[in-house]
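>>> Quick check, what structure comes out for this input:
(one chain, ligands or ions: 1)
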Amino acid sequence: MSPANPLRQLTLDQLRRRTSMKWRYYPEDVLPVWVAEMDVLLAEPVKRAITDAAERGDTGYPSGTAYAEALKEFAKKRWDWDLAVERTAIVPDVMLGVVEMFRLISHRDAPVVVNCPVYPPFYQFIESLGRPVVEAPLSPDHRIDFAALDQAFARAGEGAAYLLCNPHNPTGTVHTATELEEVAQLARKHRIRVVADEIHAPIMAAGATFVPYLSIADDGLSLMSSSKAWNLAGLKAALAIAGPKAADDLMRLPEEVSHGPSHVGILAHTAALRDGGDWLDALLTGLDENRKLLADLLATHLPTVRYTPAQGTYLAWLDCRELGLGDDPAKTFLQRGRVAVNSGIPFGTGGAGFVRMNLATSPEVITEAVRRMERSLA
Ligand SMILES: Cc1ncc(COP(=O)(O)O)c(C=O)c1O
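The predicted structure is shown next:
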């Protein structure tokens, strides 16, 4: 029997008992549909991996390559891609992994190119590493603008790095094989190294296909994790993966980086990839329904808000510029409607007037969120 829709298992009362950021950052009267946590229970195999470890007292240091082996099997089945386990390393999480990759492939003050609007920690982590960020804005239809990327690469200069987000947060754009080939060509032309953040890769809408960057470019580095697709951000673990020509770079990863990931986290992430496929499929069906629901609700209640259902991620990027709420509509939604979405402003150039909504929740919460957004305009 396939699992029930994981997005319909929890009531608002149950969710409000949670102690994580999504549910504790704002006061109780605010409906949170912001940070990328999902309102789901754990997939059974993941829960079992954690409770079994607890029963064994198996809470020491990690060992072995089971996580990479599980990802290899998952990647073959879902994306028809052969991942080389020997070219992987376990890192504490995706963002810390990204930072380590920059240290390996570029000099200490080399700029990093990003496609804005983009996940705000891209700016924060790059800047705290002491590197300048060079923006290459996406096109109005949320795809990579290759003229802008070419210019940004030229500005960043030889030896810089490019942090590709695939699928892209916040727009949910899933880059095609043709686009990724063009990325690889441009990067080679400018002698810029590519690090791909592929954390959202398993979360595809019906009909969409994820293409791993390393299936296109043999000198790339990728970061993958079970954390988004199975809601395991609290169980720190991720994988850094090198293409054949980047294998020597990954070999130079300092040994102490492997001290960061959690052993129990690795067990949970591994179980998700190995045995959590049915649960993931049920989630993906639920997310397809939620994207459709949001489009219908907006058409009825907020028809000037522009929304294109995404091909990847569980995020919705809403163009609210016609609402007349200025650059930060999230502020009005919060203050007047008591609903928390992410402001578009921290996503960089192109974010003003937009908000990001998290659709990994029940249809009731999405309906109530739109009702609150509408109410904040009255
Ligand atoms: C594109 C992207 N990268 C990285 C992260 C954070 O991942 P981690 O907690 O593994 O650093 C997120 C979280 O939402 C994300 O959307």
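
>>> okay, CA-based contacts and neighbour counts for the rest of this
Noted.

>>> Longest helix in the chain, please.
helix 277-301 (DSSP state H).

>>> any idea how far residue 218 is from residue 192?
14 Å (C-alpha to C-alpha, to the nearest Å).

>>> ugh, wrong one, I meant residue 61
32 Å.

>>> try residue 101
Counting by C-alpha to C-alpha, the gap from residue 101 to residue 218 is 15 Å.

>>> Pick out whichever of these two has more residues nearby.
residue 101 (25 against 15; other C-alpha atoms under 10 Å).

>>> how about that one, what does it touch?
195, 221, 250 (C-alpha atoms under 8 Å, 6 or more residues apart in numbering).

>>> and the residues you listed, which of them are in helices?
Counted as lying in helices by DSSP H, out of the contacts of residue 101, are residue 250.

>>> most surrounded residue in the contacts of residue 101?
That'd be residue 221 among these, by other C-alpha under 10 Å, with 30 neighbours.

>>> ok, now how distant is that one from residue 9?
The value you get for residue 221 to residue 9, if C-alpha to C-alpha is used, is 37 Å.

>>> Which of the contacts of residue 101 sits closest to the ligand?
residue 195 (11.6 Å; C-alpha to the nearest ligand atom).

>>> Could you list everything that closest one pairs with in the sheet?
Under DSSP bridges, the beta-bridge partners of residue 195 are residue 163, residue 221.

>>> residue contacts, residue 211?
79, 175-177.

>>> How many neighbouring residues does the residue of the stretch 201-350 of the chain found nearest the ligand have?
For the stretch 201-350 of the chain and the ligand, the shortest gap (C-alpha to the nearest ligand atom) falls at residue 233, measuring 5.3 Å. Residue 233: 19 surrounding residues under other C-alpha under 10 Å.

>>> Tell me the residues of this structure that contact the ligand?
36, 93-95, 119, 165, 169, 197, 199, 233 (C-alpha under 6 Å from any ligand atom).

>>> again, 8 Å this time
The chain comes close to the ligand at residues 35-37, 92-97, 118-119, 121-122, 165-170, 197-200, 225, 227-228, 233-234, 236-238, as judged by C-alpha under 8 Å from any ligand atom.

>>> Spit out the contact partners of the closest residue to residue 271 other than its chain neighbours.
Spatially, and ignoring its direct neighbours in sequence, residue 271 is nearest to residue 46 (5.4 Å; C-alpha to C-alpha, 6 or more residues apart in numbering). With contact set as C-alpha under 8 Å, 6+ apart, residue 46 has these partners: 268-269, 271-272, 276.

>>> can you tell me which of these are in helices?
Using DSSP H, the members of the contacts of residue 46 that fall in helices are 268-269, 271-272.

>>> Narrow those to those that are buried.
268-269, 271-272 (16 or more other C-alpha atoms under 10 Å).

>>> Identify, from those, the entry nearest to residue 161.
Of all those, residue 161 sits closest to residue 269, with 28.2 Å by C-alpha to C-alpha.

>>> Just want the most central residue of this structure.
In the chain, the centroid-proximal residue (C-alpha atoms, centre = their mean) is residue 200; its distance is 4.2 Å.

>>> can you pull the contacts of residue 169?
Here residue 169 is in contact with 118-119, 313, 315 (C-alpha under 8 Å, 6+ apart).

>>> in a strand, that's where it is, yeah?
No - under DSSP: H, G, I helix; E, B strand; the rest coil, residue 169 sits outside any strand and is assigned coil.

>>> now stretch 231-251, how far from the centre of its chain.
Between the centre of stretch 231-251 and the centre of its chain there are 15 Å (C-alpha atoms, centre = their mean, to the nearest Å).

>>> Which positions within it qualify as buried?
Residues 231-233, 235-243, 246-247, 249-250 are the ones in stretch 231-251 that count as buried (16+ other C-alpha under 10 Å).

>>> so the residue of the stretch 201-350 of the chain closest to the ligand, which of the three states?
Each residue gets one of three states, and residue 233 gets coil by three-state DSSP.

>>> Identify the residues contacting it.
37, 227.

>>> one more time with 6 Å, if that's ok
If you count contacts by C-alpha atoms under 6 Å, 6 or more residues apart in numbering, residue 233 has them with residue 227.

>>> can you give me the helices for this protein?
Along the chain, counting by DSSP H, helices occupy 12-16, 21-24, 44-56, 66-79, 94-105, 121-128, 146-156, 177-190, 247-251, 263-275, 277-301, 329-337, 363-375.

>>> could these go into CSV alongside mean pLDDT?
Formatted as CSV, the helices of the chain follow (pLDDT from 0 to 100):
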stretch, mean pLDDT
helix 12-16, 96
helix 21-24, 97
helix 44-56, 98
helix 66-79, 98
helix 94-105, 98
helix 121-128, 98
helix 146-156, 98
helix 177-190, 98
helix 247-251, 98
helix 263-275, 98
helix 277-301, 98
helix 329-337, 98
helix 363-375, 98
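
>>> if you compare these, which one is most tucked away?
Counting by mean count of other C-alpha atoms under 10 Å, helix 263-275 has the highest mean neighbour count of the helices of the chain, with a mean of 24.

>>> Tabulate the CA atom coordinates of it in PDB.
Provided in PDB are the C-alpha atoms of helix 263-275 (Å, rounded to 0.1, in the frame of the first residue of the first chain):
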ATOM      1  CA  HIS A 263      26.200   9.800  12.600                       C
ATOM      2  CA  VAL A 264      22.400   9.500  13.300                       C
ATOM      3  CA  GLY A 265      21.900  12.100  10.600                       C
ATOM      4  CA  ILE A 266      23.700  10.000   8.100                       C
ATOM      5  CA  LEU A 267      21.700   6.900   9.100                       C
ATOM      6  CA  ALA A 268      18.500   8.900   8.600                       C
ATOM      7  CA  HIS A 269      19.500  10.500   5.200                       C
ATOM      8  CA  THR A 270      20.600   7.000   4.000                       C
ATOM      9  CA  ALA A 271      17.400   5.400   4.900                       C
ATOM     10  CA  ALA A 272      15.400   8.100   3.100                       C
ATOM     11  CA  LEU A 273      17.300   7.600  -0.100                       C
ATOM     12  CA  ARG A 274      17.300   3.800   0.100                       C
ATOM     13  CA  ASP A 275      13.700   3.100   1.400                       C
END
